[in-house]
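# Below are the sequence and a predicted model; questions follow.
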Amino acid sequence: MHALISHSGVDSSQAAGVFQRYPRVMRSITNPALLVGVALPLLGGCRTAGTIEEANGALDAWHLAASRADEDAYFGAMTADAVFLGTDASERWTKRDFRDWSEPYFDRDEAWTYTPRERFVMLGDDARFAWFDELLEQRRYGTARGTGVLLWDKNAARWKIAHYSLTFPIPNAIAEDVTRQIIEHERTREDPED
């Protein structure tokens, strides 16, 4: 018990005073049944669902990990069977393939930085899954949109990204011009002879 109290900023002499002043309370706290009932939920052992705040925190941490080129944190925030859809129509990555492709980026000081500007998170009925959409800012590309699905990992007591799709929203006023360029690009890629 002293280690837990000391860990919270109370030194052991203060802890001893607590034991002397409140012996009945301290005996209750050291009751094993009470400790299990309080400690397991705090350690995540009994958490079967997450919150919107935790979902926001998980997504913010994921974007920050990329910005800091923290490969382990970035890919650790994804489920084992996660899928990442990139901005190119050909980019449908499994977690393993995405990690292999992005390795050179994570060898730098910064892999990529997308800064969340606005986000909406909706929880499923049992709060074990959530879906979201977010607007992001990126210095090279401007506005981007991310959408995806989070799953609650009850063993780790945290949200993990199961699916993420990154897109560049096209303003309606220029949509025809942009999509025409995309069509032309796809045509030349299919038939380089033309």
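Looks like it came in fine. These numbers come from a predicted model, not from an experiment.
# May I see the buried residues of the longest strand along the chain?
Of all the segments assigned as strand in the chain under DSSP state E, the longest by residue count is strand 142-153. Buried positions in strand 142-153, judged by neighbour count with 16 or more other C-beta atoms under 10 Å: Ala144, Gly146, Gly148, Val149, Leu150, Leu151, Trp152, Asp153. For the C-beta atoms, the positions are set from N, CA and C on the backbone; glycine is no exception.
# Now do the strands in this protein.
78-85, 92-94, 115-123, 129-138, 142-153, 158-167.
# What lies in contact with the longest one?
Residues outside strand 142-153 that contact it (C-beta atoms under 8 Å, 6 or more residues apart in numbering): 47-50, 55, 58-59, 79, 87, 114, 117, 121, 127-138, 158-169.
# what's the answer for stretch 175-186, then?
With C-beta under 8 Å, 6+ apart as the test, stretch 175-186 has contacts from Ala89, Ile170.
# How about Arg139: what's its closest non-neighbour residue?
Taking C-beta to C-beta, 6 or more residues apart in numbering as the measure, Arg139 lies nearest to Thr113, with 7.1 Å between them; neighbours along the chain are not counted.
# Contact partners for the one you found?
Contacts were defined as C-beta under 8 Å, 6+ apart; by that measure Thr113 touches His63, Ala66, Ser67, Gln138, Arg139.
# Now do it against Ala58, distance only.
Remark: distance between Thr113 and Ala58 (C-beta to C-beta, to the nearest Å) = 18 Å.
# With Ala80 instead?
Distance, Ala80 to Ala58, using C-beta to C-beta: 16 Å.
# Mind checking which of these two has more residues around it?
Neighbours around Ala80 and Ala58, counted as other C-beta atoms under 10 Å, are more numerous at Ala58. The numbers are 21 against 9.
# I'd like to know the beta-bridge partner residues of the nearest residue to the more buried one once chain neighbours are set aside.
Computed as C-beta to C-beta, 6+ apart, the closest residue to Ala58 that is not its neighbour in sequence is Trp159, at 4.0 Å. When bridges are called by DSSP bridges, Trp159 pairs up with Trp152.
# Give the burial count for Trp159, as a bare number.
Trp159: 28 surrounding residues under other C-beta under 10 Å.
# going forward can the numbers begin at 55, since that is how I track them
Sure, I'll start numbering at 55, so the last one becomes Trp213.
# Could you pull out the helices in the chain for me?
56-61, 66-75, 77-83, 86-97, 106-121, 125-130, 149-160, 229-244 (DSSP state H).
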